[in-house]
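S.K.: Below are the sequence and a predicted model; questions follow.
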Amino acid sequence: MKRALQILAGGAILLVILAIFLGPYAWVVASSFKQQFAIFRDLKPITLATFFPSEPTLANFIHLFENRGLGRALLNSAIVSSCQVAGTLALCSLAAYGLTRIPFKGSRVVFALVLMTFLLPIESLMVPLYIHVTGLGLADTLVGVFIPWIASPFGLFMLRQAFEEIPRELDEAARIDGAGHFRIFWSIILPNVRTPLATLALVTFLFSWNAFLWPLVILHSPRNHVIQLAIAQSVSIAQLPNWGETFAGATVATVPLIVLFLFLQRYFVRGIALTGVKG
């Protein structure tokens, strides 16, 4: 009897936690299928109609794709996020290999200096980044959105920790067979760090997809807007915000993230658990 009560209490606590986390998102998704007046009508008191629209409509989604350019914004975000993921994986993996497999004086100092950039708030970097990116002629381009962020201190930290876990004996055996640095990096190191690489890819994609401040600063043309800017623009265009369209945009923007996380969640959990194994 006592065991059954403990199970019931644990289940009740889990349900409460689940409701706290998923309740707001469920309301946003439900509201995206409602007209403006229905959102406020069903908000108070909270009933089943709050989370399950009685008269669902696709008008908000249709208007976003036909009149707000949400489809192009999704494509822009996909391009920016994919390029940022590819650039981050390439640059951070090569840097991590250099710090762990090519000994040189001051390697620890270099690593410490890179990690110190974690202390810098993103807001403090906006002005110098804008000056440099504009000077390169990349203002108002998709390249200018992702290029400053491919050098990720977090990515370097994560991959360096993973590379340190790989036994040096594998490198020595490969050198005996005549392998050079590139062969060791490509054929031995990378296959053994698939989990950290997948984790870094997921985290980088989330960061890039949800970015708002930097795209707002560097992008000016509506045709280059990413998904977050397109959603914000749909709010500011009208005198009275259409919350149904805003929630519809938020719903569409979260679908790729949910799908990606479902495919990579096992790598994400395992990679985060292994990040701090060895310093």
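M.R.: Good, I have the coordinates. From a predicted model like this one, the values you see are computed outputs, not experimental measurements.

S.K.: In contact with Phe205, which residues are there?
M.R.: Counting by C-beta atoms under 8 Å, 6 or more residues apart in numbering, Phe205 makes contact with 81-82, 84-85, 257, 260. Just so you know, the C-beta spots here come from the backbone N, C-alpha and C atoms, and that holds for glycine as well.

S.K.: Where does it fall, secondary structure wise?
M.R.: Element membership for Phe205, per DSSP states H and E: helix 194-209.

S.K.: And that helix, what's buried?
M.R.: 195-205, 207-209 (16 or more other C-beta atoms under 10 Å).

S.K.: Repeat that for stretch 109-121.
M.R.: Buried residues in stretch 109-121, defined by neighbour count with 16+ other C-beta under 10 Å: 111, 114.

S.K.: just stretch 133-147 next, same as before
M.R.: Buried residues in stretch 133-147 (16+ other C-beta under 10 Å): 133, 138, 141-142, 144-147.

S.K.: Now tabulate the residues you listed in TSV and tack on distance to Gly69 and secondary structure.
M.R.: TSV is the format used below for the buried residues of stretch 133-147 (distance: C-beta to C-beta, whole Å; DSSP: H, G, I helix; E, B strand; the rest coil):
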residue	distance to Gly69	secondary structure
Val133	23	helix
Leu138	22	coil
Thr141	17	coil
Leu142	15	helix
Gly144	19	helix
Val145	17	helix
Phe146	20	helix
Ile147	23	helix
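
S.K.: Between these, which sits nearest Thr117?
M.R.: Set against Thr117, the nearest of the buried residues of stretch 133-147 by C-beta to C-beta is Ile147 (16.3 Å).

S.K.: Quick check: nearest residue in space to the closest one, chain neighbours excluded?
M.R.: Using C-beta to C-beta, 6 or more residues apart in numbering and skipping the chain neighbours, the partner closest in space to Ile147 is Leu138 (6.6 Å).

S.K.: again, but for Ala49
M.R.: Ala49 sits nearest to Asp42 (C-beta to C-beta, 6+ apart), 4.4 Å away.

S.K.: got a list of what the one you found touches?
M.R.: Asp42 touches 34, 49-50, 53-54, counting by C-beta under 8 Å, 6+ apart.

S.K.: Now the buried members of those.
M.R.: Counted by 16+ other C-beta under 10 Å, these give 34, 49-50, 53 as buried.

S.K.: Can you flag which of those belong to helices?
M.R.: Using DSSP state H to define helices, the subset of those located there is 49-50.

S.K.: Centroid-nearest residue for the protein?
M.R.: With distances taken as C-alpha atoms, centre = their mean, the residue of the chain nearest its centroid is Leu206 (0.7 Å).
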